[in-house]
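**Q** sequence first, predicted coordinates after that:
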Amino acid sequence: METNNKKLVTHDGSFHADDIFAAATLCLVLEKRNENFEIIRTRNVEIVDKGDYVFDVGGIYDEKTNRFDHHQVSFKDKRKDGILYSSFGLVWKKYGPDLSGSEKIAEIVEKHLVAPVDAFDNGFDLVQNKYDISPYFIQHFFRAMIPTWTEKDITNDEMFLKSVEIAKKILSREIVQARDSVLAEEKIISIYRNAKDKRIIVLDQNYPYEYTLNNFPEPLFVVYPRKSDGSWGVKALREDPKTFKNRKDFPKPWAGLRDEELQKITGVPDTVFCHKGLFMAVAKTKEGVIKLAELALLV
């Protein structure tokens, strides 16, 4: 029976992260507009042609008519870095800024989630395996949602819709995280500029600071309040937020020490813990962690 619902059409059969997240994006857009919609999975040309939004099927990319396929031989749309778009990226390019609230927020989500999904879908390797195991990406999670050959009572359509609901939550949270990181950026830059010793940055809240402070050469340690227990933490800034190498480690003798042992070796009476990876330490007061950072600078 015909309805007034907007028709979101994609292919049937198996599914991947790109069509799942494309569907999730369109769902969130239409929910934001309070519009009714339905998801249809088919390769029937007549149904595809009647779709209001068609993605990952149909052989057409035309954002003006909401056609977002990338499988046609003629498709060559790619980012400046060379990564080809998939259906998720094409949908996000049109609707991401409005859905997230700004171009800047949309760009953060693009780099963190959208482009990696597109890269994987198009066969671009973003990382090099160093061990006999591979990283577990979000794509692998959604692959696990596909029914196996033994699951006769579960359909692809059923699991696709469940996957879209999960993807909506992930995408919504990524937008929140990106939005709040943008709000924090101005505060962090102000704190950095007003810091007497720019090697130790003291935050008044636990802002997402990694990418912002990484743009400046001086910061080595970041002090912040810990919500969980009212204590204070200090972390070493990474050389690159994507890696585990610190600009400067805490002293090796502190590794893994707690309470009295750490208090004795540092001379800081309220210190609580130093991670064995030498990237984080905790004390009961702000003054305590600042002192730990100052001691670490001397080594």
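**A** Yep, that arrived. Please read all numbers here as calculations on a predicted model, not as lab measurements.

**Q** where's K7, which helix or strand?
**A** Per DSSP states H and E: K7 is located in strand 6-10.

**Q** so what does that strand touch, helix or strand wise?
**A** Under the contact criterion of 3 or more C-beta pairs under 8 Å, 6 or more residues apart in numbering; DSSP states H and E, strand 6-10 touches helix 17-32, strand 37-41, strand 53-55. Bear in mind the C-beta positions are built from the backbone N, C-alpha and C, glycine included.

**Q** using PDB, write out the CA atom coordinates for the second one.
**A** Right, strand 37-41. Presented in PDB, the C-alpha positions along strand 37-41 are these (Å, rounded to 0.1, in the frame of the first residue of the first chain):
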ATOM      1  CA  PHE A  37      10.100   7.600   6.200                       C
ATOM      2  CA  GLU A  38      10.700   3.900   5.500                       C
ATOM      3  CA  ILE A  39      13.800   2.000   4.500                       C
ATOM      4  CA  ILE A  40      13.400  -0.300   1.500                       C
ATOM      5  CA  ARG A  41      16.100  -2.800   0.500                       C
END
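
**Q** run the angle between it and strand 6-10 for me.
**A** Angle, strand 37-41 to strand 6-10, by axes from the mean of the first three to the mean of the last three C-alpha atoms, to 10 degrees: 20 degrees.

**Q** strand 37-41 versus helix 17-32: what angle between them?
**A** Going by the same axes, to 10 degrees, strand 37-41 makes 160 degrees with helix 17-32.

**Q** contact partners for N206?
**A** 224-227, 233 (C-beta atoms under 8 Å, 6 or more residues apart in numbering).

**Q** what does C27 give?
**A** C27 sits next to 8, 37, 39, 164, 168 when contact means C-beta under 8 Å, 6+ apart.

**Q** again, but for L278
**A** 236, 246, 249-252, 254-255.

**Q** how does it look with 6 Å?
**A** When contacts are counted by C-beta atoms under 6 Å, 6 or more residues apart in numbering, L278 touches 249-250, 255.

**Q** which of those residues fall in helices?
**A** In helices, defined here by DSSP state H, there are no members of those.

**Q** of these, which is the most crowded?
**A** F250 (25 neighbours; other C-beta atoms under 10 Å).

**Q** that residue and L257, how far apart?
**A** Going from F250 to L257 by C-beta to C-beta, to the nearest Å gives 10 Å.

**Q** where does F244 land on pLDDT?
**A** pLDDT for F244: 88.

**Q** kindly indicate whether it is helix, strand or coil.
**A** coil (DSSP: H, G, I helix; E, B strand; the rest coil).

**Q** one more: R179?
**A** Taking three-state DSSP, the label given to R179 is helix.

**Q** that one: how many residues sit nearby?
**A** Counted with other C-beta under 10 Å, residues neighbouring R179 total 17.

**Q** same question, K196
**A** 6.

**Q** out of the contacts of L278, the closest to V282 would be?
**A** F250 (11.4 Å; C-beta to C-beta).

**Q** once you drop chain neighbours, what's closest to that closest one?
**A** Ranked by C-beta to C-beta, 6 or more residues apart in numbering and with sequence neighbours excluded, the top spatial neighbour of F250 is L278, at 4.5 Å.

**Q** just the element for G51, please.
**A** Judged by DSSP H and E, G51 forms part of no helix or strand.

**Q** how much space between the closest residue to it other than its chain neighbours and D49?
**A** Nearest non-adjacent residue to G51, counting by C-beta to C-beta, 6+ apart: V9, 3.3 Å away. In this view, V9 and D49 are 9 Å apart by C-beta to C-beta.

**Q** which one of the two has more residues nearby?
**A** When neighbours are counted by other C-beta under 10 Å, V9 comes out ahead of the other of V9 and D49, with 27 against 12.
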